[in-house]
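[1] 3D, please:
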Amino acid sequence: MTQPQIAIPYFTGSGHTRVLAQAIASGAPGARLIDVRSISSEDWRALDDAEAILFGSPTYMGSVAAEYATFLEEASHDRWTEQSWADKLAGGFTIGTYPSGDKLSTLTRLSIYAAQMGMLWVGAREIGAPVDPTQPGIDRDGAMLGLMARSDPNKDQMINAGDTETARRYGARIYACAQRWSTVRHAPS
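    Here you go, the predicted model:
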């Protein structure tokens, strides 16, 4: 089985989203991290060739950061009308300071974008404490649409260990789904 190509385009303001993207990539071998502030033609090709794209932005004022909205608009040029990202897997992640912080609206924005692009959304599946007391720190915000994390006040750590592990598991889920989808999508008809 070949390794699926996974792209993780993200914007980071203070470094938290980058750390979260790296944690996701640790669960998805070979995933390509793409900082949308310095996107290259090779990065655009990687996005176009990817089996799965995980969109990542901090939540600022109830939605994606302005820089990320610009990336989404740029990515949709021609790709939307041609539906060239149709049938790719998609997922999303965000980080904010507060347990809610309106992060759900960011994931909703990203999932609607993916739907408009004809992509298939993969949510999270981890259930942590208090529902499953054997998993303390996992999915602290109870998010199922995608990955939510909280920035840690300790700037040396950036992200809580439980959120880091939840991110790694989300990356592993996307990787497994991409492997499975690739087999089905590219099977001889």
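
[2] just say helix, strand or coil for Ile112.
    Judged by DSSP: H, G, I helix; E, B strand; the rest coil, the three-state class of Ile112 is helix.

[3] would you map the helices across this protein?
    Counting by DSSP state H, the segments of the chain that form helices are 16-27, 41-49, 66-76, 79-82, 103-116, 161-185.

[4] Thr134: which of those is closest?
    Judged by C-beta to C-beta, the one of the helices of the chain that comes nearest to Thr134 is helix 161-185, at 12.9 Å. To be clear about C-beta, it is placed using only N, CA and C from the backbone, and glycine gets the same treatment.

[5] and the closest one, what's its mean pLDDT?
    Mean pLDDT, computed over helix 161-185, is 93.

[6] now stretch 4-21
    Confidence over stretch 4-21 (mean pLDDT, whole number) is 96.

[7] quick revisit: single out the most deeply packed of the helices of the chain.
    Mean neighbour counts were compared across the helices of the chain using mean count of other C-beta atoms under 10 Å; the top stretch is helix 16-27, at a mean of 22.

[8] and the contacts of that one?
    Judged by C-beta atoms under 8 Å, 6 or more residues apart in numbering, the contacts made with helix 16-27 from elsewhere in the structure are 8, 10-12, 31, 33, 35, 54, 56-58, 93-95, 147, 149, 151, 158-159, 163-165, 167-175.

[9] go with 6 Å
    Residues outside helix 16-27 that contact it (C-beta atoms under 6 Å, 6 or more residues apart in numbering): 8, 10, 12, 31, 33, 56, 58, 93, 95, 149, 151, 158-159, 164, 167-168, 170-172.
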